[in-house]
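Asker: Got a sequence here, can you build the structure:
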Amino acid sequence: MRILFFGTYFQFRGKETYVSDEIDAVSYKYPNIEYLIYTVGPFNKKNSLIRYSKKILWIRRKDLKSIKILLLFLKEIIKIFTKFKPDVIHSIYVKESLIMGVIGKIFGVPSVFHSRGMDFNYYPFKSLKSNILARIAAKLNNVILTVSKVMKYDSRKLNIAQKKVISLYDGIDFSLFNLSDKERSLNRKHLEILHVGRFNPEKRQELIIEACKKLRDNGLNFHLTITGYGQLENHLKNLIRKYQLESKVSMIGYTDHDKVPEIMKKADIYIQPSLSEGMPISVLEAMSMELPVILTRVGGMTELILKRGGVLIEINNISQLYDAIVYYINNPNIIRVDGIRNRKFIKENFNWEVHAKELYKIYNKLSKRS
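Answerer: Next comes the predicted model:
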């Protein structure tokens, strides 16, 4: 069975890691699957997908804006469909899925629109253009995958036929994000807080820094580590200087994915104060590393905290974030209890083997239509 995978790759751990691990899982479990990856945009050559060089053809194009590049893209698409002859198209994000949905209709090949991030629960309600594009992409594709149950529910607001929407959780690399009992030692003298993510407006890292100012002003002992990069990096650094939090908050820049577990081993709790999310990989990894989490009540994150394991707060609510942090400062023994619960929950619900099995079923069913 041949799968054409189309998507934009970003040089940031969450997206690249997800695509790499997903294809790893499917290819290892089902050797009859052959992937051809068409990637548009910057791509990190160190990505583990290169291991499948015998099965995967890499075609890179910086953009599709110029007429010359667009014509070359169309030429390559025709070549792919006449020589590789995919049985199913699998694309990620709205614009990519819209393009592949049209091409799939032209060539009579069924397609999967894999909705990640904020495709249904944020961007469509931020602009009319995003709303229209999401609706068209959903209509053109045969199956829509969402990374959380909440995103599947949110798709109803766009009048998307629910019979074509399937919620499918990501998986986690448990061999990498693993923690033995001997490696966990709580920071009894202070609470070690961690955040991993891109520095953009939707992630709301400012809220954590504001809460840290309040913690410092009230004489509470803590330290915050932030790792990542993005457009708001200088803004965040200026905010730390403004509040004179240099001794309490460390911004350590971008961390390679395989180094993230080492940082998580040193943390006590993890915070994700986003305005919107699909199902953030960094949160799943933190929970796998036995970290309690403080999350905003948005997107798939609401599915992660049931009775234990962390605290859900409302968006942009510094008081609730502050109270949640103080809760763990005052109850250090709960850190261990919530952390163990989180590891167990993630292992039971975010398994790549289960993901691969369900995705193969979808591919197999669609391929019989072509």
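
Asker: Tell me which residues touch residue 338, please.
Answerer: Neighbouring residues of residue 338 by CB atoms under 8 Å, 6 or more residues apart in numbering: 292, 308, 309, 310. Where you see a C-beta, it was placed from the backbone N, CA and C, and this is true even at glycine.

Asker: Please report the distance of residue 205 from residue 34.
Answerer: 41 Å (CB to CB, to the nearest Å).

Asker: More neighbours: the two, which one.
Answerer: Shown here are residue 205 and residue 34; by other CB atoms under 10 Å, residue 205 has more neighbours (27 against 17).

Asker: Quick check: closest non-adjacent residue to that one.
Answerer: Closest residue to residue 205 apart from its sequence neighbours, by CB to CB, 6 or more residues apart in numbering: residue 236 at 5.6 Å.

Asker: Next: residue 193.
Answerer: residue 224 (4.4 Å).

Asker: Remind me what the one helix or strand that neighbour maps to packs against, helices and strands.
Answerer: In the assignment (DSSP states H and E), residue 224 maps to strand 222-227. Helices and strands touching strand 222-227, by 3 or more CB pairs under 8 Å, 6 or more residues apart in numbering; DSSP states H and E, are strand 191-196, helix 205-217, strand 249-251, helix 260-265.

Asker: Specify the angle between that strand and helix 205-217 in degrees.
Answerer: Counting by axes from the mean of the first three to the mean of the last three CA atoms, to 10 degrees, strand 222-227 lies at 160 degrees to helix 205-217.

Asker: Follow the chain on from strand 222-227 and name the next helix or strand.
Answerer: Next along from strand 222-227, by DSSP H and E: helix 233-242.

Asker: Give the other helices and strands that that following helix contacts.
Answerer: So helix 233-242, by 3+ CB pairs under 8 Å, 6+ apart, packs with helix 205-217, strand 249-251.

Asker: between these, which one is nearest to residue 297?
Answerer: helix 205-217 (13.5 Å; CB to CB).

Asker: Give me the buried positions along that closest one.
Answerer: 205, 206, 207, 208, 209, 210, 211, 212, 213, 214, 215, 216 (16 or more other CB atoms under 10 Å).

Asker: so which of those residues comes closest to residue 5?
Answerer: Out of the buried residues of helix 205-217, the member with the shortest distance to residue 5 (by CB to CB) is residue 205, at 31.6 Å.

Asker: how about that closest one, what does it touch?
Answerer: With CB under 8 Å, 6+ apart, residue 205 has these contacts: 195, 197, 199, 226, 232, 236, 273.

Asker: Neighbours of the fourth one, how many?
Answerer: Number of residues near residue 226 (other CB under 10 Å) recorded here: 23.

Asker: Do I have it right that it meets residue 206?
Answerer: No. Using CB atoms under 8 Å, residue 226 makes no contact with residue 206, being 11.0 Å away.

Asker: Can you work out which residues contact both of the two?
Answerer: Joint contacts of residue 226 and residue 206 (CB under 8 Å, 6+ apart) are residue 236.

Asker: Where does pLDDT dip in the stretch 51-200 of the chain?
Answerer: Scanning the stretch 51-200 of the chain with the threshold set as pLDDT under 70 gives 51-66, 69, 180-188.

Asker: Could you pull out the helices in it for me?
Answerer: Under the criterion DSSP state H, counting those that start in this stretch, helices of the stretch 51-200 of the chain are mapped to 67-79, 94-107, 128-140, 149-154.

Asker: What is the longest one packed up against?
Answerer: Packing contacts for helix 94-107, counted by 3+ CB pairs under 8 Å, 6+ apart, involve strand 2-8, strand 88-92, strand 111-115, helix 128-140.

Asker: Redo these as JSON lines? Include mean neighbour count and distance to residue 286.
Answerer: As requested, the helices and strands packed on helix 94-107 are exported to JSON lines (neighbours: other CB atoms under 10 Å; distance: least, CB to CB, whole Å):
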{"stretch": "strand 2-8", "mean neighbour count": "21", "distance to residue 286": "25"}
{"stretch": "strand 88-92", "mean neighbour count": "26", "distance to residue 286": "23"}
{"stretch": "strand 111-115", "mean neighbour count": "27", "distance to residue 286": "23"}
{"stretch": "helix 128-140", "mean neighbour count": "17", "distance to residue 286": "29"}
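
Asker: Rebuild the helices and strands packed on strand 222-227 as TSV, extending it with distance to residue 133.
Answerer: Converted to TSV, the helices and strands packed on strand 222-227 look like this (distance: least, CB to CB, whole Å):
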stretch	distance to residue 133
strand 191-196	29
helix 205-217	28
strand 249-251	34
helix 260-265	33
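
Asker: Which one of those lies nearest to residue 316?
Answerer: helix 205-217 (6.6 Å).

Asker: Work out the gap between that closest one and the centre of the chain.
Answerer: 25 Å (CA atoms, centre = their mean, to the nearest Å).

Asker: tell me the mean pLDDT over it?
Answerer: Mean pLDDT, helix 205-217: 97.

Asker: orientation of it relative to helix 233-242 in degrees?
Answerer: Using the same axes, to 10 degrees: helix 205-217 against helix 233-242 is 10 degrees.

Asker: and the angle from helix 205-217 to strand 191-196?
Answerer: 170 degrees.

Asker: Restricting to C-alpha, output helix 205-217 in CSV.
Answerer: C-alpha atoms of helix 205-217 as CSV (Å, rounded to 0.1, in the frame of the first residue of the first chain):
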residue,chain,number,x,y,z
GLN,A,205,4.6,32.5,28.5
GLU,A,206,4.1,36.0,29.9
LEU,A,207,1.5,34.6,32.2
ILE,A,208,4.1,32.3,33.9
ILE,A,209,6.5,35.2,34.3
GLU,A,210,3.7,37.4,35.8
ALA,A,211,2.9,34.6,38.3
CYS,A,212,6.6,34.3,39.2
LYS,A,213,6.8,38.0,40.0
LYS,A,214,3.9,37.4,42.5
LEU,A,215,5.6,34.3,43.9
ARG,A,216,8.8,36.3,44.4
ASP,A,217,7.0,39.3,46.0
